[in-house]
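Asks: sequence plus the predicted model coming up.
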Amino acid sequence: MLKIMNESEGPVVGIRASGLLHEEDYTTLLPELEARFDTYGKLRLLFFADSGFEGWDIRAAWDDMSFGLKHASDFERLALVGAPDWVVWCLKLSAFLMKGEVKVFDGDALDAAWAWVRA
C-alpha cells in the first residue's frame, strides 16, 4: 500500500510504503503526484518504507520506474527512509539520471529525513 503522509504540504510529499506494492497502488497515487507537479513544477519527495515493506510486483515496479524516468529532472530532493539494502542499491544505480539531490536515511531517522527534504 502507498499512502501520502499527513506531514505532506505543497511541493513536499511523503509517501509511506507498506507490504507488497501493486499496480493499483500507483493508479491511486500517481494522479495526486501529477497534480502536484502541475501546481508546483518540482517536488521534494520522501519515500518511507515501513517495517512491513516487501517491495513491488512486476507491474508496480514498471509503474514506479516509468514515473521516475518521466520526472527524473522534476525532483529537487528525494529522501529514501528505512528501505532494505536492495532498494538503496537500485536507487544509487538510478540516481545519476536525477538532477536533484538524493539521500538515504535509516528507518529511525524519519524526522531527520523530513527536515532535510524540507530544507
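Replies: Alright, I've got the coordinates. Every value quoted in this text rests on a predicted model; they were computed, and no experiment measured them.

Asks: let me see the contact set for the spatially most distant residue from the centre of the chain.
Replies: The outermost residue of the chain relative to its centre, with distances by Cα atoms, centre = their mean, is Thr39 at 18.2 Å. Counting by Cβ atoms under 8 Å, 6 or more residues apart in numbering, Thr39 makes contact with Pro11. Backbone N, C-alpha and C define where each C-beta goes, glycine included.

Asks: ranges for the strands of this structure?
Replies: For the chain, the strands defined by DSSP state E occupy 2-4, 12-17, 20-21, 43-49, 55-56, 75-81, 101-105.

Asks: what's the most buried one of those?
Replies: Per-stretch averages of neighbours, counted by mean count of other Cβ atoms under 10 Å, single out strand 43-49 among the strands of the chain, with a mean of 23.

Asks: name the helices or strands packed onto it?
Replies: Using 3 or more Cβ pairs under 8 Å, 6 or more residues apart in numbering; DSSP states H and E, the elements in contact with strand 43-49 are strand 12-17, helix 23-40, strand 75-81, helix 110-118.

Asks: which residues touch the shortest one?
Replies: Among residues not part of strand 12-17, those counted as contacts by Cβ under 8 Å, 6+ apart are 1-5, 7-8, 29, 33, 36, 43-50, 53, 114, 117-118.

Asks: so that strand versus strand 43-49, what angle?
Replies: Here the directions of strand 12-17 and strand 43-49 differ by 20 degrees (axes from the mean of the first three to the mean of the last three Cα atoms, to 10 degrees).

Asks: and strand 12-17, what's its mean pLDDT?
Replies: What strand 12-17 shows for mean pLDDT is 99.

Asks: cool, the second one as well?
Replies: With pLDDT averaged residue by residue, helix 23-40 scores 97.

Asks: all set, thanks.
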